[in-house]
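Enquirer: Okay, predicted coordinates and the sequence, questions at the end:
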Amino acid sequence: AGSKSPPVCALCLGREAHDVFKCQSDTSWDGTKARCHKNDQGRLVTPMGTVLCFDWNTRRGCTGQGHDDRHECSGCGNKDHGAQNCPRAQK
C-alpha cells in the first residue's frame with residue numbers, strides 16, 4: 001500500500017473523503033469562502049465568471065491547449081499550478 005495522500009478537491013480544497021466530482025461546497029476546508037463555485041453544468045467558475053479546466057485542478061492534470069477552459073488554480077487563481085499544489089489546500 002502506498003502512502004499517497006488523498007487528492008485535493010478542486011472546489012473546497014479539502015482532502016477529506018468525499019466525492020470531489022460532486023462537491024458543491026461554498027466554503028473551503030478551513031471554513032473560509034471558496035474562491036470558485038460550480039455552475040448548473042458542474043463546471044468550476046471563478047468570481048469573474050470564467051470557466052476553469054477541471055482536469056488542470058485534479059491530480060490527472062491537463063496538458064491540452066485546444067479548449068477554452070482556463071488553466072488556473074481554482075483555489076487561489078495562480079496560473080502556475082492547479083488545486084493539487086495550492087498553498088491554500090489542506091495539507
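Expert: Structure's in. What do you need?
Enquirer: and residue 42, how many neighbours?
Expert: Neighbours of residue 42 under the rule other CB atoms under 10 Å: 11. Backbone N, C-alpha and C define where each C-beta goes, glycine included.
Enquirer: again but with residue 51, I slipped
Expert: 16.
Enquirer: Over to residue 68?
Expert: By the criterion of other CB under 10 Å, residue 68 has 7 neighbours.
Enquirer: The one 5 residues further on too?
Expert: Residue 73 has 27 neighbouring residues, counting by other CB under 10 Å.
Enquirer: quick one: secondary structure of the nearest residue to residue 22 once chain neighbours are set aside?
Expert: With CB to CB, 6 or more residues apart in numbering as the criterion, residue 22 has its nearest non-adjacent residue at 7.9 Å, and that residue is residue 42. Taking DSSP: H, G, I helix; E, B strand; the rest coil as the rule, one finds residue 42 in the coil state.
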